[in-house]
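> Provided below are the primary sequence and the corresponding predicted coordinates.
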Amino acid sequence: MKASQLVSHLKHKGNPRNLESMAKFGINTRRAVGVSIPHLRALAKNIGAHHHLASDLWNSQIHEARILAAYIDDPLKVTERQMEDWVDDFDSWDLCDQVCSNLFDRTEFAHRKAVEWSHRKEEYIKRAGYALMACLAVHDKRANAAAFEKFFPLIMRGATDERNYVKKAVNWALRQIGKRSMRLNREAIEVAKRISGMDSSSAKWVAADALRELESEKIQKRIKA
């Protein structure tokens, strides 16, 4: 199937009500057509891995086509140049998170890009850096604790960013790393307490929300088990 056919299908399946719902959640709908995530996932399952088709879908600039591209691309064929090109195109928090959690975090460049992008000034690129940290904490089962401990100074640095989509990603990264093991949980709690002492409303929110989950009885029992 060609990208043009898939784009036509997406436009046909688009629902104005979905666009309204997306907008309510802060999703940029300027290039969206209103197709649900379950439908995109079903399409991806039928298509299978297809690197070149993913590239063509991305170039269509359609919001849902780009999410579908992340679902079908082959992480082993993704280049560093492609990651830089795609991250420059991020224009919505959901596109950022879908690409990071379904493709970028499975590439060989993921850990390095998490660090690099966390230093960028652009809102969605910086979010991508912290989103990658969070997704790696969940999906990279082979990485040791040290691979995630290197993110703590970056999380502390990013905690003072007052932009909503950045601070939420910083918080996400801290919580996911802190749920990976007992060792990382103790360290993440200590980092959160240090962040809480910063003179920043964003930092105080990041810390309070993270501590609420990381110190909860539910999470403590799950990690110990």
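Good, I have the coordinates.
> so what are the domain limits for this structure?
1-74, 92-225 (automatic domain parsing).
> For those, give me JSON lines that also has distance to residue 84.
In short, each C-beta sits where N, CA and C put it, glycine included. Formatted as JSON lines, the domains of the chain follow (distance: least, CB to CB, whole Å):
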{"stretch": "domain 1-74", "distance to residue 84": "13"}
{"stretch": "domain 92-225", "distance to residue 84": "8"}
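> Can you tell me which of those is most buried?
domain 92-225 (a mean of 19; mean count of other CB atoms under 10 Å).
> how far does it sit from the chain's center?
The gap between where domain 92-225 is centred and where its chain is centred comes out at 10 Å by CA atoms, centre = their mean, to the nearest Å.
> could you measure the most centrally placed residue in the chain against residue 22, distance?
In the chain, the C-alpha nearest the mean C-alpha coordinate belongs to residue 97, at 3.0 Å (CA atoms, centre = their mean). Look at residue 97 and residue 22: by CB to CB, to the nearest Å, they are 13 Å apart.
> So which of the domains of the chain is nearest residue 81?
Closest approach to residue 81 among the domains of the chain (CB to CB): domain 92-225, 10.2 Å.
> distance between the ends of that closest one?
Domain 92-225 has an end-to-end distance of 37 Å (CA to CA, to the nearest Å).
> just to revisit the earlier point, out of the domains of the chain, nearest to residue 85?
Per CB to CB, nearest to residue 85 of those: domain 1-74, 8.5 Å.
> sorry, back to before: which helix or strand contains the residue nearest to the centre of the chain?
Element membership for residue 97 (DSSP states H and E) is helix 93-102.
> Return the list of helices and strands in contact with that helix.
helix 63-72, helix 123-139 (3 or more CB pairs under 8 Å, 6 or more residues apart in numbering; DSSP states H and E).
> residues making contact with that helix?
Applying CB atoms under 8 Å, 6 or more residues apart in numbering, the contact partners of helix 93-102 are 22, 25-28, 63, 66-67, 70-71, 86, 90, 124, 127-128, 131-132, 135, 139, 165.
> 7 Å instead, please
26-27, 63, 66-67, 70-71, 86, 90, 124, 127-128, 131-132, 135, 165 (CB atoms under 7 Å, 6 or more residues apart in numbering).
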